[in-house]
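In: mind looking at a prediction? Sequence and model below.
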Amino acid sequence: MANTPRKTTDRNQQNQENEQNELPGPMAVLRAAQTQLAELTGMTAESVSSFERTEEGWLLEIEVLELARVPDTMSLLASYEVRLDPQGELTGYRRVRRYERGRSDPHKK
């Protein structure tokens, strides 16, 4: 009868909503990554300098305050490469460079 198109439409809409609810959006992933890294390292995440979706999930580079000094321009910062699964759970991290806040140097990978 006339109910068939409506059921198909309802199912399609429900499937789309379920897919959207399963995976977090970029902003949720950024917040989760900063929080998880801070909890694991005990250091303050200051910013995210790179961010991309990969086949395995997400890859970010997060700038972290490692050692506060006076004056602030002498504080030590570090860049951490952070890997997350598609749901935004941290699966690994590593420090890729360390530098003084007041110094600018080329980033080499």
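Out: Ah, there it is.

In: the helix-or-strand element of the chain with minimal mean pLDDT: what's the following helix or strand?
Out: When each helix and strand of the chain is scored by mean pLDDT, DSSP states H and E, helix 3-22 comes last, with a mean of 59. Scanning forward in sequence from helix 3-22 by DSSP states H and E, the next helix or strand is helix 26-41.

In: what element comes up after that following helix heading to the C-terminus?
Out: Sequence order places strand 44-53 as the next helix or strand after helix 26-41, per DSSP H and E.

In: strands paired with that following strand, and their directions?
Out: When pairs are called by DSSP bridges, strand 44-53 turns out to pair with strand 58-67 (antiparallel).

In: what's in contact with the very next helix or strand once past the strand it pairs with?
Out: Note on strand 58-67: by DSSP H and E, the next helix or strand toward the C-terminus is strand 76-84. Where contact means Cβ atoms under 8 Å, 6 or more residues apart in numbering, the residues beyond strand 76-84 that reach it are 29, 32-33, 37, 41, 46, 49, 56-67, 69, 90-101, 107. For glycine as for every other residue, the C-beta is placed from the backbone atoms N, C-alpha and C.
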